[in-house]
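J.: predicted model, plus sequence, below.
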Amino acid sequence: MFPRACGSALGLIFALACATPAPAGIQPHGPDYRARLPQDEVIYFLLPDRFANGDPANDRGGIPGDRLDHGFDPAHEGFYHGGDLAGVTARLDYIQGLGATAVWLAPIFRNKPVQGEPGREFAGSHGYWITDFTRVDPHFGDDATMRALVEAARARGIKVYMDIVTNHTADVIRYRECPANDCAYRSRADYPYTRRGGVDGEAINEGFTGANFDRLTRPDYAWTPFVPEAETTVKVPAWLNDPIYYHNRGDTTFRGESSLDGDFAGLDDLMTEHPRVVAGMIEVFGDWIDRYKVDGFRIDTARHVNPEFWQAFVPAMQARAAANGIPNFHIFGEVYDVDPAQLARYTRVDGYPAVLDFGFQSTVTDLVARDVPPDRLARLFSADALYEGGEAGALGLPTFLGNHDMGRIGHFILTAKPDIGDGELLQRSTLAHAFLMFSRGVPTIYYGDEQGFTGDGGYGGARQDMADTRVATYADDRIVGGAGEAFSTTAPLYRAIAGMAALRQADSRLRRGLQTVRFAAETPGLFAVSRHLPGRPGETLIVYNTSTTPVTANIEVDAASAGWSSSRGTCPDAATAPGSLRVTVPALDYLICTSEGVP
C-alpha cells in the first residue's frame, strides 16, 4: 500500500516520497512495457564488472596509482576486472535472445575502491561498499552511460532493476580501541546508549529513550568511533559522514540483536531506526527513480534492518515510482534464509512485496543435485499461504538456482556428484532450469549459468568473467555442455533456457497462473504441478522426472481437462479418464501438457 495521498501533511519522509519527478530524464515507453506484472518477467542478474568491458578507458576509475589505489587487477578474483555499463549495453541483444525481460544490475554506486587490512585487501568490484549513493562508480561509467543503458534496454522492452543497499556503507569509521579494525560486538544491555563504555560509565545522551533521537548526541557509548582525516568528507550525501547515524557497536555475530546493529566485517552499519537515516535513504533512492525511471529495486541485506524502516521505505518507493508512471515497480529483498516462514515474515511484518526465494533455491538444488525426493518441494510450496497475499502473492517471489555469494547450480551438482559424466551434468542443469522457469515465481538467471559456468562456489568463486578471464581459478572451471566462444548463443544451456523462456512467454498460465501440486514422489521420480488462471478454463501441466530412468504414471488433472496437446515433450491427446492423465517422462527430463478445459 502507498502512504497517504501526496499533498497531505505527511512530514519530511512522505514529502520526499511524493516529490514531483524532475522534468528532465528518461520517460516511460509505451503502455505494454509498463503493464507487465513482476511475475511476467524473466530476470537476468549480472555483475557489471564481470560481464563485458565496453570502455577500457574507465578500468581504473580515473584513479592514479597501483591496484591498492584504483582496485583494478583482472588476474585477481577480488579486484576490478574492467566490466562496465557500456559493456552491458553492448550485450543487450544477447540478453534479450536468452528470453530475459529484465536486467538486475549489482550495485553501480561509487564504492570505496579498496578496503581491508594489509595483506587482506579487496576491491569494491561487486558494488556493495558504497561511499557515494548519488553517482555511478567511475569504474562502470557515469550518468550518461547509465542513461544510455536504460534507454537501450527500454527500446527492447527490457526493464532495469537496481540493486540497492540501505543497511551499511563502505568501511570508513574506525574505533580508537581497535587499531586492527577488529572490534567485537558490544550489546545494548552491556553498553547502553546512555552510558560511556558500559553500565558503570559516564552518563551521556541524557534522556534518550530509543525514540527521541534529538537526545542522541554522542556516538561513543560502546566504542569510540572516528573518521580518518583523509576520509572525513568521502561519503555522499554529506550527512553520512557523521558517526551519530551509525550503530558503532563492532562486528556482527549474525545472531540476536547484532544481526541488526553490528558491522559486517567492518562495514559501517547505519542506524536505520534514526528518522534522518530513513528520510535520507528515501531521498537518495527516490532520486534514482526520478532520474532514470528504473523499474525495480533488489534490496541487499534486508533482514539486517529493522522492520520500521521498511514500513516507511517500501511504500515511499512505491509512491515515488507511481508518481513517475511506473505502476508495477518490483521491490524484492534479500533475506538469506531457507525457511518459508522466515521469508514470509518480511512480507507480512516488514511490508516487502516480495523476497528472494532462498527456500526454492535450496530445495531444487537438493532435488537435482542430491537426489532428495520431490515431495520436499511439495512441502515448500504448501507454505505459500504464509506470504502476504497467499498463493497469489507467492507469484512475485524471484526464484533462482545460485548467486554471487553462494555459488552456481553447476557447482552444486559437481560437488554432490564429482564423477558425473558430461551428458548427465547437462541433463541435471537443464532440469534445474526447467524447475526455475515453469514453477510459480519470477525466474532469475544468474549471468554465466547459460554458458555452463560452474565455478568453485562461495564468495568470489562464482563471479567469473564472461570472456577472456585472467583468473587461474576461473580458467580451469568445468563447463556444462563444453566450452565455446564467449557470449555464445549456441551453447546448450543458452538454447535450452531461451526455449523455456519462449514457452513461458507464449502461455500466460506459466507466468500468472496459480499453482497446484498434482504429484510428488517420495523417492527420486515425478513431480507434477498444474498452472491455471482463476476464473478461466484450462490448465497447463508440468511433469518433471528427477530419476535416472523413465517413469510412467497417472497424474490427477481437472475433470474438465479432457483434450490435451504437447507444448514440450510427448503428451497424450486425451485424458485416460475424467480427472486423470497418463504420461511417460524420460529420465532427468520434463513434459509440458496443455488443456483448454473443454469436456
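T.: Now that the structure is in, tell me what you want to look at.
J.: C-alpha from now on. contacts and neighbour counts both.
T.: Will do.
J.: ok, residue 153 to residue 518 distance?
T.: Distance of residue 153 to residue 518, computed by CA to CA, to the nearest Å: 38 Å.
J.: if you count surrounding residues, which of those two has more?
T.: residue 153 (22 against 17; other CA atoms under 10 Å).
J.: next one: the more buried one from residue 140, what distance?
T.: 17 Å.
J.: kindly report the same for residue 261.
T.: Going from residue 261 to residue 140 by CA to CA gives 31 Å.
J.: likewise for residue 172?
T.: Applying CA to CA, the value for residue 172 to residue 140 is 22 Å.
J.: between those two, which one's more packed in?
T.: Legend: neighbour count by other CA under 10 Å for residue 172 and residue 140, higher for residue 140 (28 against 22).
J.: confidence score at the residue nearest to the more buried one when sequence neighbours are not counted?
T.: Leaving aside its sequence neighbours, residue 140 sits nearest to residue 84 (CA to CA, 6 or more residues apart in numbering; 4.1 Å). For residue 84, the model assigns a pLDDT of 98.
J.: touching, residue 84 and residue 52? I think so.
T.: Yes - with contact defined as CA atoms under 8 Å, residue 84 counts as touching residue 52 (6.4 Å).
J.: between those two, which is the more surrounded one?
T.: residue 84 (29 against 24).
J.: who's in contact with the more buried one?
T.: Going by CA atoms under 8 Å, 6 or more residues apart in numbering, residue 84 touches 48-49, 51-55, 139-141.
J.: determine which two of the residues you listed are furthest apart.
T.: Longest distance between any two of the contacts of residue 84 is 13.9 Å, between 51 and 141; criterion CA to CA.
J.: residues in contact with residue 365?
T.: 401, 409, 412-413, 432.
J.: a helix runs through it, doesn't it?
T.: Yes - assessed by DSSP: H, G, I helix; E, B strand; the rest coil, residue 365 belongs to a helix.
J.: quick one, grab the pLDDT at it.
T.: For residue 365, the predicted pLDDT is 98.
J.: please report how far it lies from residue 290.
T.: Applying CA to CA, the value for residue 365 to residue 290 is 39 Å.
J.: and the strands in the stretch 1-150 of the chain, which stretches?
T.: Taking DSSP state E, counting those that start in this stretch as the criterion, the stretch 1-150 of the chain carries its strands at 43-46, 102-105, 109-111, 114-115, 122-123, 130-136.
J.: same for the second one, what does it pack against?
T.: When you say that, I think you mean strand 102-105. strand 43-46, strand 159-164 (3 or more CA pairs under 8 Å, 6 or more residues apart in numbering; DSSP states H and E).
J.: separation between the residue lying closest to residue 37 once chain neighbours are set aside and residue 551?
T.: Nearest residue to residue 37, sequence neighbours excluded (CA to CA, 6+ apart): residue 328, at 5.9 Å. With distances taken as CA to CA, residue 328 is found 41 Å from residue 551.
J.: equivalent analysis for residue 134, please.
T.: Going from residue 134 to residue 551 by CA to CA gives 56 Å.
J.: then residue 297?
T.: In this view, residue 297 and residue 551 are 42 Å apart by CA to CA.
J.: please say which of the two ends up with more neighbours.
T.: Neighbours of residue 297 and residue 551, each counted by other CA under 10 Å, are more numerous for residue 297; the result is 23 against 17.
J.: dump the residue contacts of that one.
T.: Counting by CA under 8 Å, 6+ apart, residue 297 has contacts 161-164, 329-332.
J.: center of the protein, which residue is that?
T.: The chain has residue 298 as the residue nearest its centroid, 5.3 Å off, counting by CA atoms, centre = their mean.
J.: which residues touch it?
T.: Contacts for residue 298 (CA under 8 Å, 6+ apart) come out as 104, 161-164, 331-334.
J.: quick one, phi psi at it?
T.: In terms of degrees, to the nearest 10, the main-chain angles of residue 298 are phi -90, psi 130.
J.: the spatially closest residue to residue 168 that is not a sequence neighbour - how many residues pack around it?
T.: If the residues on either side of it in the chain are set aside, residue 168 comes closest to residue 269, at 4.4 Å by CA to CA, 6+ apart. When neighbours are counted by other CA under 10 Å, residue 269 registers 29.
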